[in-house]
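Participant: Quick one: sequence and predicted model below, then my questions.
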Amino acid sequence: MENSKDEPEDDDLLPEYDFKSMKLVGRGIYAARYREAQRLFKLEKDLAVVFPNDASDNAALREYLRLTAETPANSSV
């Protein structure tokens, strides 16, 4: 016999397992913490063509930092 949509499905959870009253229940509760830990950013389309992967992004940023560290801060171009 088929279950109607009004009847709940049988499950193995006992009635005392009330997940709604638990403190850390919710959708996406760790999303902000995950994003901060990952430090993700999205490249614009024109830059994504030049820097197709993480390794090329990191190499370019390291080179930029190396060049700016060697350049005197007060020099005028």
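Facilitator: Received the coordinates, thanks.

Participant: Just the strands from this structure, written as ranges.
Facilitator: For the chain, applying DSSP state E gives no strands.

Participant: what's the single longest helix in it?
Facilitator: helix 54-70 (DSSP state H).

Participant: Tell me which other helices or strands that one touches.
Facilitator: In terms of contacts (3 or more C-beta pairs under 8 Å, 6 or more residues apart in numbering; DSSP states H and E), helix 54-70 is packed against no helix or strand at all. Any C-beta I mention is one placed from the backbone N, CA and C, and that applies to glycine too.

Participant: List of residues touching it?
Facilitator: Helix 54-70 is touched from outside by Leu43, Val50, Phe51, with contacts defined as C-beta atoms under 8 Å, 6 or more residues apart in numbering.

Participant: Near the first one, how many other residues are there?
Facilitator: One way to gauge burial is a neighbour count; for Leu43, by other C-beta atoms under 10 Å, it gives 12.

Participant: what's the distance between it and Asn58?
Facilitator: As judged by C-beta to C-beta, to the nearest Å, Leu43 and Asn58 stand 13 Å apart.

Participant: do the same with the last one
Facilitator: Phe51 sits at a distance of 9 Å from Asn58 (criterion: C-beta to C-beta).

Participant: These two: which is more packed in?
Facilitator: Phe51 (15 against 11).

Participant: which ones are touching the more buried one?
Facilitator: Leu43, Asp57, Ala60.

Participant: could you measure the second one against Arg39, distance?
Facilitator: With distances defined as C-beta to C-beta, the gap from Asp57 to Arg39 amounts to 12 Å.

Participant: Between these two, point out the one with more neighbours.
Facilitator: Asp57 (16 against 6).

Participant: Including distance to Ser21, could the contacts of Phe51 go into CSV?
Facilitator: Shown next, in CSV, are these (distance: C-beta to C-beta, whole Å):
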residue, distance to Ser21
Leu43, 44
Asp57, 45
Ala60, 50
